[in-house]
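Trainee: can you look at this prediction? I've put the sequence above it.
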Amino acid sequence: MTPGSREPGVFHKMNPVRRTLLKAVGLLAPHVAWAGDAPVTEMQKPAVKPRHVLCFLGKDESLLQPPKDVVKTIADFGFEVDRTYSQGKPDPHMARSFGVCWDRVLPNAWSAADEAAVVNHKSVLYVLSPPMDQQKAVACSAAALRIVEEMIKAGATAVKGESAGVAHGLARWRRLAADCKAAAQTNQGLAVTAAMSRICRLAFAKRPLAGERYNETVGLHLVGLPEIYIAKSFGNDHDAVRRMDELGDEMANSGIDATLRDRKLTVSHESSYAEGDFKFNPYGIVRIDV
């Protein structure tokens, strides 16, 4: 079935979570309302749209030819395999890259076995999302988690989100994917958007990164939100993460403009990343000075 197909019976037989995500990213008719369809911010349409770059490692060259059902999932959600940089041989830079990307917020987010899988990989596959509209970013990130889950089932031995530079162990990726599916099954409307936004932030955003004056996030553009920078004077890393997550939840639940208005905050578009960088956030940065 191609996106938008109305073939009798197929639509109703489709997995309900898959159907929900396809509708949400606008790839399946008939379209249904999704909380993300309403603009969450009044800022002008950005010239640059965010994209996911998913990096998968494998134990042999079979990683480069995923099973047909995984290929179908990738295509159905508008993602594509990048054949330019994927390779059927080890990348000597991967151990260092994963080393700086492991998520250190959650205890035991990866294991010695995950580290060994990176060191011993024999192939690399990159999967790219389509450029994401702000309103559809949460749904597209949820689709990215679905692809991660299916690639792990197909034999991927390590996974990294390149667009923010974050990696988790396989067990953590599976847990995040399961949580995202549960959110799609148990919530409706604004609730499903907010729940998925939080899960996808935990999956694909990096925090906290220590800058000169701020503890910073990178990757919130992948759920349609501005980055959050917390002044170091506020407290330690754990304090910064807690406040980042609180503000992220509030923006996802109440909208960006309403949240910034209530908190008397503003968005800055001064970024250290160039517009062509996958880490560039076109929705700006919210800085909190204490």
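Mentor: Perfect, thanks for sending it.
Trainee: what's whichever strand or helix holds Ala142 packed up against?
Mentor: Using DSSP states H and E, the element containing Ala142 is helix 137-153. The elements that helix 137-153 packs onto, with contact taken as 3 or more Cβ pairs under 8 Å, 6 or more residues apart in numbering; DSSP states H and E, are helix 16-24, strand 53-58, helix 68-76, strand 123-128, strand 158-161, helix 170-186, helix 189-204. Placement of C-beta: from N, CA and C, glycine included.
Trainee: could you dump those into TSV and include mean pLDDT, mean neighbour count and distance to Asp277?
Mentor: Formatted as TSV, the helices and strands packed on helix 137-153 follow (pLDDT from 0 to 100; neighbours: other Cβ atoms under 10 Å; distance: least, Cβ to Cβ, whole Å):
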stretch	mean pLDDT	mean neighbour count	distance to Asp277
helix 16-24	58	19	27
strand 53-58	98	23	11
helix 68-76	97	16	24
strand 123-128	98	21	15
strand 158-161	98	26	14
helix 170-186	93	18	24
helix 189-204	88	22	16
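Trainee: out of the ones you listed, nearest to Thr84?
Mentor: strand 123-128 (8.3 Å; Cβ to Cβ).
Trainee: tell me the helices and strands packed up against that closest one.
Mentor: For strand 123-128, the elements it packs on are strand 53-58, strand 80-87, helix 137-153, judged by 3+ Cβ pairs under 8 Å, 6+ apart.
Trainee: for Lys160, give the beta-bridge partners.
Mentor: Cys55, Ala167 (DSSP bridges).
Trainee: can I assume it is in contact with Ala167?
Mentor: Yes - using Cβ atoms under 8 Å, Lys160 is in contact with Ala167, at 4.1 Å.
Trainee: where does pLDDT dip in the stretch 1-150 of the chain?
Mentor: Scanning the stretch 1-150 of the chain for pLDDT under 70 picks out the ranges 1-46.
Trainee: give me that answer again for 80
Mentor: The model of the stretch 1-150 of the chain has pLDDT under 80 over residues 1-47.
Trainee: over to the stretch 151-290 of the chain?
Mentor: 187-192, 290.
Trainee: Pro50 belongs to a helix, doesn't it?
Mentor: No - per DSSP: H, G, I helix; E, B strand; the rest coil, Pro50 lies outside any helix segment and is coil.
Trainee: any idea how far it lies from Tyr85?
Mentor: Using Cβ to Cβ, to the nearest Å, we find Pro50 at a distance of 19 Å from Tyr85.
Trainee: of the two, which one has the most company?
Mentor: Pro50 (27 against 12; other Cβ atoms under 10 Å).
Trainee: so what's the more buried one closest to, chain neighbours aside?
Mentor: His221 (4.4 Å; Cβ to Cβ, 6 or more residues apart in numbering).
Trainee: neighbours around that neighbour, how many?
Mentor: 29.
Trainee: likewise the one 4 residues further on?
Mentor: If you count neighbours by other Cβ under 10 Å, Leu225 ends up with 28.
Trainee: which strand or helix spans the spatially closest residue to it that is not a sequence neighbour?
Mentor: Distance criterion Cβ to Cβ, 6+ apart; nearest residue to Leu225, sequence neighbours excluded, is Met251 at 5.4 Å. Per DSSP H and E, Met251 falls inside helix 237-254.
Trainee: so what secondary structure elements neighbour the helix or strand just after that helix?
Mentor: Going down the chain from helix 237-254, the next helix or strand is helix 256-263, by DSSP H and E. With contacts taken as 3+ Cβ pairs under 8 Å, 6+ apart, helix 256-263 sits against helix 237-254.
Trainee: how about 10 Å then?
Mentor: helix 237-254, strand 267-268, strand 285-288 (3 or more Cβ pairs under 10 Å, 6 or more residues apart in numbering; DSSP states H and E).
Trainee: now the angle between helix 237-254 and that helix, please.
Mentor: Helix 256-263 and helix 237-254 are oriented at 120 degrees to each other (axes from the mean of the first three to the mean of the last three Cα atoms, to 10 degrees).
Trainee: chain center to helix 256-263, what's the gap?
Mentor: Here the centre of mass of C-alpha atoms in helix 256-263, compared against the chain's by Cα atoms, centre = their mean, to the nearest Å, lies 23 Å away.
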